[in-house]
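[1] With the input below, show me the fold.
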Amino acid sequence: MKYCKILLVYILVTITYQNLYSQSDNKSIFVIVHGTWGGGWGFKKVDSLLTVKGNIVYRPTLTGQGERVHLSSPEIGLRTHIADIVNTILYEDLHDVILVGHSYGGMVITGVADSIPERIKKLVYVDAAIPENGESLISIFKLKNEGQFKNVNGFLIPSWVPNEQKPPKDVPHSYKTYTDPIVLKNPLRMKIPTTFILTVDKGKEPKDDYLAPQAERAKKRGWIVLQLEADHNPQWSAPVGLVEMLVEIVEK
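    Predicted coordinates for the structure are as follows:
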């Protein structure tokens, strides 16, 4: 009788271990790249929601932003930020990555996919820029040096962030990242399954969104284009909806 109990416990432990191992082995790995002025801190809620669902999430902060603001410099360019994410993936030894880019992050993930396409399982552009070879963010959106995009001593400084505000907060962003043209050489990048998520404010038409032309560019490339009711920052305005959409994208 005692032997039977021991055997039963052994079987239960073995089954539990195998299930846990199987679940761990099937986890999706997300690497999320934030947009202008932000940092990985902005996707903390999204990270938590994805992690609860059994996924592994990395949300690195680009050089000069967020908690890395002490490294800020007007010499930081697009290539620096691309290298930030490439090195995160390489040094963490990540494979089959679901690479997500928000807003300016679309420039970054495009460069990452061009550099190490073999490490990327899927690309997701969240209300993000989709550059062609030789384009910069300035040229894509025909931005002028005025308003919130004004170059102040080599930085884009958000007017809504008072100097006395405590972290976490948006910080000045190197203007050079906006003017640097992206260099794309690897055709394997175009073979990665890609989805574009267009966020649309409640009551507005998708065509009225300033990123609608990017959604059209995505459609012309044959990408999946989805629509999420949210403002430009769904990580704050609709984190649950964004996570549900990301999980759906992975499962397809």
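[2] can you give me how far stretch 61-79 is from the chain middle?
    On the basis of C-alpha atoms, centre = their mean, to the nearest Å, the separation between the geometric centre of stretch 61-79 and that of its chain is 17 Å.
[3] Flag the shaky bits of the stretch 1-150 of the chain, pLDDT-wise.
    Along the stretch 1-150 of the chain, segments meeting pLDDT under 70 span 1-25, 148.
[4] One more pass at 80, please.
    When the per-residue scores of the stretch 1-150 of the chain are filtered using pLDDT under 80, the ranges that remain are 1-26, 144-149.
[5] what about the strands in it?
    For the stretch 1-150 of the chain, the strands identified by DSSP state E, counting those that start in this stretch occupy 29-33, 56-58, 97-102, 120-126, in order along the chain.
[6] Also the stretch 151-252 of the chain?
    For the stretch 151-252 of the chain, the strands identified by DSSP E, counting those that start in this stretch occupy 151-152, 155-156, 173-174, 194-200, 224-229, in order along the chain.
[7] Quick check: neighbours of the first one in the sheet, parallel or antiparallel?
    The one in question is strand 151-152. Paired neighbours of strand 151-152 in the sheet (DSSP bridges): strand 155-156 (antiparallel).
[8] how far does the partner strand sit from the chain's center?
    21 Å.
[9] Identify the residues contacting Asp36.
    Actually, residue 36 is Thr rather than Asp. Contact partners of Thr36, counting by C-beta atoms under 8 Å, 6 or more residues apart in numbering, are 103-104, 156, 173. (C-beta placed from N, C-alpha, C; glycine too.)
[10] State the pair within those residues that is farthest apart.
    Ser103 and Leu156 (12.4 Å; C-beta to C-beta).
[11] higher neighbour count, the two?
    Ser103 (23 against 20; other C-beta atoms under 10 Å).
[12] Look up how far Gly66 lies from the more buried one.
    Counting by C-beta to C-beta, to the nearest Å, the separation of Ser103 from Gly66 is 15 Å.
[13] Likewise for Gly134?
    In this structure, Gly134 lies at 29 Å from Gly66, with C-beta to C-beta as the measure.
[14] surely Val69 meets Lys169?
    No. With contacts defined as C-beta atoms under 8 Å, Val69 does not count as touching Lys169, sitting 9.4 Å away.
[15] follow-up on the earlier one: export the strands of the stretch 1-150 of the chain as JSON lines, with columns for distance to Leu211 and mean neighbour count.
    Formatted as JSON lines, these follow (distance: least, C-beta to C-beta, whole Å; neighbours: other C-beta atoms under 10 Å):
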{"stretch": "strand 29-33", "distance to Leu211": "16", "mean neighbour count": "25"}
{"stretch": "strand 56-58", "distance to Leu211": "24", "mean neighbour count": "19"}
{"stretch": "strand 97-102", "distance to Leu211": "11", "mean neighbour count": "27"}
{"stretch": "strand 120-126", "distance to Leu211": "9", "mean neighbour count": "24"}
